[in-house]
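# output the structure for:
(4 chains)
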Protein chains: 4
Amino acid sequence: MSATRFTYLGPEGTFTEAALRTLPESATRELVPMVSVPATLDAVRSGEASGALVPIENSVEGGVTATVDELAKGSPLMIYREVVLPIAFALLARPGTTLTDVKTVTGHPVAQPQVRNWLAAHLPDAVWESAASNADGARLVQEGRYDAAFAGEFAAATYGLTPLVTDIHDAANAETRFVLVGRPARPSAPTGADKTSVVIWLGDDRPGGLLELLQEFKVRGVNLMRIESRPTGRGIGDYCFSVDAEGHITDRRMGEALMGLKRISPQVRFLGSYPRASVAPSDVGAPVPGTSDDDFVAASDWLTRCQDGRF
Amino acid sequence: MSATRFTYLGPEGTFTEAALRTLPESATRELVPMVSVPATLDAVRSGEASGALVPIENSVEGGVTATVDELAKGSPLMIYREVVLPIAFALLARPGTTLTDVKTVTGHPVAQPQVRNWLAAHLPDAVWESAASNADGARLVQEGRYDAAFAGEFAAATYGLTPLVTDIHDAANAETRFVLVGRPARPSAPTGADKTSVVIWLGDDRPGGLLELLQEFKVRGVNLMRIESRPTGRGIGDYCFSVDAEGHITDRRMGEALMGLKRISPQVRFLGSYPRASVAPSDVGAPVPGTSDDDFVAASDWLTRCQDGRF
Amino acid sequence: MSATRFTYLGPEGTFTEAALRTLPESATRELVPMVSVPATLDAVRSGEASGALVPIENSVEGGVTATVDELAKGSPLMIYREVVLPIAFALLARPGTTLTDVKTVTGHPVAQPQVRNWLAAHLPDAVWESAASNADGARLVQEGRYDAAFAGEFAAATYGLTPLVTDIHDAANAETRFVLVGRPARPSAPTGADKTSVVIWLGDDRPGGLLELLQEFKVRGVNLMRIESRPTGRGIGDYCFSVDAEGHITDRRMGEALMGLKRISPQVRFLGSYPRASVAPSDVGAPVPGTSDDDFVAASDWLTRCQDGRF
Amino acid sequence: MSATRFTYLGPEGTFTEAALRTLPESATRELVPMVSVPATLDAVRSGEASGALVPIENSVEGGVTATVDELAKGSPLMIYREVVLPIAFALLARPGTTLTDVKTVTGHPVAQPQVRNWLAAHLPDAVWESAASNADGARLVQEGRYDAAFAGEFAAATYGLTPLVTDIHDAANAETRFVLVGRPARPSAPTGADKTSVVIWLGDDRPGGLLELLQEFKVRGVNLMRIESRPTGRGIGDYCFSVDAEGHITDRRMGEALMGLKRISPQVRFLGSYPRASVAPSDVGAPVPGTSDDDFVAASDWLTRCQDGRF
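Sure thing, here's the model as predicted:
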């Protein structure tokens, strides 16, 4: 096992690497690019790395299904940190290329819908072909297979390319969320602005299961931040739900909600409690009245007194 | 304080006395009739009696509001037992009276709607006047003020009267539920067929409070057996709810539901967990899947493992 | 049939008569006291009267069960108006009586809890006996059977009595609500501050029926103002619910909620839509967003366009 | 406009083409492969084609986001039919290739997780590179760029390849659902086993919006078959929901649920009501009691009678 190694979804020059480098601890780790999300995470499972950074959600494209699905199965992993990175593409080309020279462009399939409008406006005749990653697209441009690639501007140096255009993004505020994943251990202490991730399967015998699932959170005053349905692989119409909820597993309301889910679900997988990325204090709402830890403790004391006949 | 004295809503000869005598422990107690529900209960509060039997619900007339309200306020009391008695009236008269002699009848106001149809059919011209209790009506007949009284057949001997007609009850299956009340102490152990009573106030700041209240029970799989709205006395439109729920306060699902209510309500008053009266085993349903004590323990263990990172 | 006669719960001198006299139309009607709520309402059913005024709710004692139950059964009736009257009692005695002379007091059983504290403070030794009505209590004082009666001050003249004390009411803001009942007809037009009353039975086959019932209102944004459980008479544990909701049956949200109840309930009885008594404009909230008549019409238009493929 | 042309997500030889050919009407249409989902659908929007077949959901990979997102925006389209196709891959190679010769494999990124286990077991050392489509992978094998491609067996002839292995699918019962899309028009008549698709945005001002959304369906007894969250593109944490519900827009319960959604949502987009693919009669449940069209009509009649005072 190597506590000094972090893997990330490679190759070098991806947004994932850029996200990883925003974490202070990355400065003291060996950062190893991997060819796929499963490979990135399996390195943690096997002990070759102590952490792995993978993208999990994009504000334009939605959940990164490889990550969401991989965390839901196999031997358990846990999320320890999240990083949110604003996404803007540069159009990278070999030195000397001008915009009018560009007939073929490449990039990761996820990049395409984020630059589609820009392409239609500026390179309406350019032919798009997908690459395995944005960085891989840059490599293919370096090799001369395509004229230009959409990638992070930081990838230019790695592949000896020049940015023809920068800050390309069809949607304002496009951003990608990445998570730092490790083997299960005690979650870090609550910071007051935390997030808890779980995957919840619904039993066949509970029609209206999604509504019940949401009620378990609602009754305890726990806000949902993200809910994503994913196929279980058992046929169309059979889903599990990947959920991010506001709060920490050591918050009483969160603990009770999770136990409620555990009781009604055939399977719940805890994926971690970790600090919310870049959250403004104003985004952290006061808990719903009656759901603070103090309220839970007071109610528990009251119950004990009732059970003892002291009231 | 007298551990050997039970009070009951008198006078002698009421259904309440009959209900009290069905309890084995009544054989070894001094049974003292009181003039009103408050007086009956205050004797327990003051320590003059260790228990008090009062009617709480009638299948025709509904909640006995004096009892429901009295339990909701003042110094706390607890329900330890319930007794359900089928209700049938006898028409009692002085010896020698025949049915055709009866021009005036009396009885407790609650008795009237339970014999109204019988009266219309058999004594259409008789004038009804209310008495303070059925037994008091019998006394007034003894004194000659009325010709006949509706009361329990068992009251005839006490007042030197004769039953002209017996088994009078407009509604089939009419019954009254009584509760044995004492000062707060540890509730008796669960029997597997128990009932828990609480009074819940709704806060002004939670519109839709009744729905929230019901959700607290529903999410934990606790069935409601009775819910009765009562005015709080703070003006029309301001209610509290008297609730009987299936289960015992030491059941995990009940405990969690009560704590949930405690957290969302400005006030919750626990009124006791006690065996359900005369319940057929077939009436005790299996708990909703996921709500047994074992399910709660398993979920709690799982939460601890998640919090410790051992999974 | 007599369109010129109103019945009311008598005898003369009750609060009900006082409430009836607040209605302008009472000035042109013959006002006939009746001996009981059923008799008062049956006079309307039979056509002997065109309207009947009965008490339905008291802020201290809760629902007037005789009225609630009588409206729920028998041939249908409808509520056309409500009157809310502040309740304050006078202690009436024969001329010449002083407070220290009062050893026995009487009044309607419902009055007792509203003057209990006053009695304890001012006449701790007086014996209470119940009368059939407050006015009847006054009559019994006139006849010399009791020393004083709790009744409305306006009853003094009728029975030749003198008020010893006035404005007695344990609870601040005590009030009673009365309803003017007639045979079914088209409800009066909405005023913008209306109330709709219904009685709803729950089917045996819908566990959690009360929660479902509340959801039918909630989903359409209809606020409940009162909910009262009443036994159906089919045994303990079998209830129906008497409900007042904010709005008029011609409001779209109310209509849809009522139809929803009709579909899930074995029986729903409409009891009328009528103006709310003495409501301040500030008490009439804006409807929940999305539940105004305009919102309903817009949604209906949209549905039609979708069904026609025009969008 | 061409009523005789159907577009589909190409190139030739994709599963989408195979799905399209299962529709009888495809025999009389010109079938035109397009390079992307947007292009396939835009041909319908512009009138160049009267219908378009695109994949929308895969039992292993989940929603096809390009399709889900494209239907949610731009000028409105409608779904008229769905086709569900079992998915099994063939490994296609140039004639003469043996399994041991295969060092590089390709296929659509969506194919990879569906053959990953097979690859690990049979070609553990083969390097995977993604192609723009399965058919495109076959073309790249034909051109000699890779040794073998995962694609539908039917694609072999088109690209002059030979199936080395057939019926490859990691998950049992893997299937893909495709939809036939056209411009809005009146939906086809209900068949008794229909499905309705909508996209629903949640307003910022309705916390707990997803739960409210589900309640709109639940209260009317409409079952959900699929719910998929998609980013709105306005930043992480802002979602809309793509929903398939059981029933037809002309069913009264569906119509009322859709109107309810329309009222509480800033935007609802109707995507069509169409027959469910290959549904066994046993899969079509009886409606929840109280939600049939007859129940709606009866409730509507009752409401009218109440509004008219005839009951």
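
# where does pLDDT dip in chain A?
Within chain A, the segments meeting pLDDT under 70 span A:1-2, A:204-207, A:278-284.

# does A:E129 touch A:H108 like I think?
No - taking contacts as C-beta atoms under 8 Å, A:E129 lies outside contact range of A:H108: 11.4 Å. Where you see a C-beta, it was placed from the backbone N, CA and C, and this is true even at glycine.

# now the most centrally placed residue in chain A, what's its secondary structure?
What sits nearest the mean C-alpha location of chain A, by C-alpha atoms, centre = their mean, is A:I56, with 2.4 Å. With DSSP: H, G, I helix; E, B strand; the rest coil as the basis, the three-state label of A:I56 is strand.

# and A:E129 and A:H108? Which one has more around it.
Regarding A:E129 and A:H108, a neighbour count based on other C-beta atoms under 10 Å in any protein chain shown identifies A:H108 as having more, with 23 against 16.

# give me the phi and psi for the more buried one.
Main-chain dihedrals, A:H108, degrees, to the nearest 10: phi -70, psi 150.

# list the contacts of it.
A:130-134, A:136-137 (C-beta atoms under 8 Å, 6 or more residues apart in numbering or on different chains).

# distance to C:E17, secondary structure and neighbour count for these - can I get that in TSV?
Formatted as TSV, these follow (distance: C-beta to C-beta, whole Å; DSSP: H, G, I helix; E, B strand; the rest coil; neighbours: other C-beta atoms under 10 Å in any protein chain shown):
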residue	distance to C:E17	secondary structure	neighbour count
A:S130	87	strand	21
A:A131	90	coil	26
A:A132	90	coil	21
A:S133	88	coil	27
A:N134	86	helix	25
A:D136	92	helix	24
A:G137	90	helix	28
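
# considering only those residues, which also neighbour chain D?
The overlap between the contacts of A:H108 and the neighbours of chain D (C-beta under 8 Å from any C-beta of the partner chain) comes to A:130, A:132.

# tell me which of the contacts of A:H108 is nearest to chain B?
A:S133 (31.8 Å; C-beta to the nearest C-beta).

# what parts of the stretch 101-250 of chain A come near chain D?
Within the stretch 101-250 of chain A, the positions near chain D by C-beta under 8 Å from any C-beta are A:109, A:113, A:116, A:129-130, A:132, A:171, A:173-175, A:177, A:207-208, A:210-211, A:214-215, A:218, A:223-231, A:233-239.

# narrow the residues you listed to those in strands?
In strands, defined here by DSSP state E, the members of those are A:129-130, A:175, A:177, A:224-231, A:239.

# could I get those as TSV with distance to D:D42?
Output for those, formatted as TSV (distance: C-beta to C-beta, whole Å):
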residue	distance to D:D42
A:E129	20
A:S130	19
A:E175	28
A:R177	30
A:L224	35
A:M225	34
A:R226	31
A:I227	31
A:E228	28
A:S229	27
A:R230	29
A:P231	28
A:Y239	30
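
# so which pair among those residues is furthest apart in space?
The widest separation within those, taken as C-beta to C-beta, falls between A:E129 and A:L224 and amounts to 38.4 Å.

# coming back round to it: chain C versus the residue nearest to the centre of chain A, what's the distance?
34 Å (C-beta to the nearest C-beta, to the nearest Å).

# what's near enough to touch that residue?
A:63-64, A:67-68, A:82, A:177-179.

# those residues in helices, which ones?
Secondary-structure check on the contacts of A:I56 using DSSP state H: residues within helices are A:67-68.
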